[in-house]
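A.B. asks: Structure of the sequence below:
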Amino acid sequence: MLPFQEIQVDDILVVSYEIPQATMENAKKLKDYLTRKIDSGTLKLILDCSKIDYMDSTFLGALVFTLKKVIPLGGDLRLIMGDMKSPIWFMFESTRMFKVFKTYPSFEDALGSYESQNDK
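C.D. replies: As a prediction, the model looks like this:
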């Protein structure tokens, strides 16, 4: 069983990571899953990380891999980070990953970022 759920909102795939530990054990599963989605034409991705308490470097590497795969195709990967007090928020801040990824506090904000992009 995969540790994530998906919903489709128009042409945006929203994937919710459902367990608090984002580790090497699930990094390959997520990377392979998102790669299949991108290869099948899904270019607008949102990953909900708001339930994650811990993310290791392997999982972060899977996110970087996905971002590097989708951007040249004209797509993007955006992250929902949740509360600014969450452990992964601190990790992203201290490693400057906020400069790499577009991050949002909520589902509505992340979804709205694609919608406002379409208005331009």
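A.B. asks: surely Asp56 meets Thr23?
C.D. replies: Yes - judged on Cβ atoms under 8 Å, Asp56 makes contact with Thr23 at a distance of 4.8 Å. Bear in mind the C-beta positions are built from the backbone N, C-alpha and C, glycine included.
A.B. asks: tell me the centre residue of the protein?
C.D. replies: Nearest to the geometric centre of the chain sits Leu47, at 2.9 Å (Cα atoms, centre = their mean).
A.B. asks: Can you pull out the low-pLDDT segments for the protein?
C.D. replies: For the chain, the stretches flagged by pLDDT under 70 are 1, 117-120.
A.B. asks: where exactly do the helices run in it?
C.D. replies: 24-39, 57-70, 87-94, 107-118 (DSSP state H).
A.B. asks: what's the spacing between the shortest one and its chain's center?
C.D. replies: Mean C-alpha position of helix 87-94 versus that of the full chain (Cα atoms, centre = their mean, to the nearest Å) differs by 15 Å.
A.B. asks: Check the second one too.
C.D. replies: The chain centroid and the centroid of helix 57-70 are separated by 9 Å under Cα atoms, centre = their mean.
A.B. asks: ok and that helix relative to helix 24-39, angle-wise?
C.D. replies: Counting by axes from the mean of the first three to the mean of the last three Cα atoms, to 10 degrees, helix 57-70 lies at 10 degrees to helix 24-39.
A.B. asks: Which positions within helix 57-70 qualify as buried?
C.D. replies: 59-60, 62-67, 69-70 (16 or more other Cβ atoms under 10 Å).
A.B. asks: Out of the helices of the chain, which one sits most buried?
C.D. replies: helix 57-70 (a mean of 18; mean count of other Cβ atoms under 10 Å).
A.B. asks: Now tell me what touches it from outside.
C.D. replies: 22-24, 26-28, 30-31, 34-35, 38, 43, 45, 47, 76-77, 79, 97, 100-101 (Cβ atoms under 8 Å, 6 or more residues apart in numbering).
A.B. asks: With stretch 33-53 instead?
C.D. replies: Applying Cβ under 8 Å, 6+ apart, the set of residues contacting stretch 33-53 is 2, 4, 11-22, 55, 62-63, 66, 69-70, 73-83, 86-88, 107, 110-111, 114.
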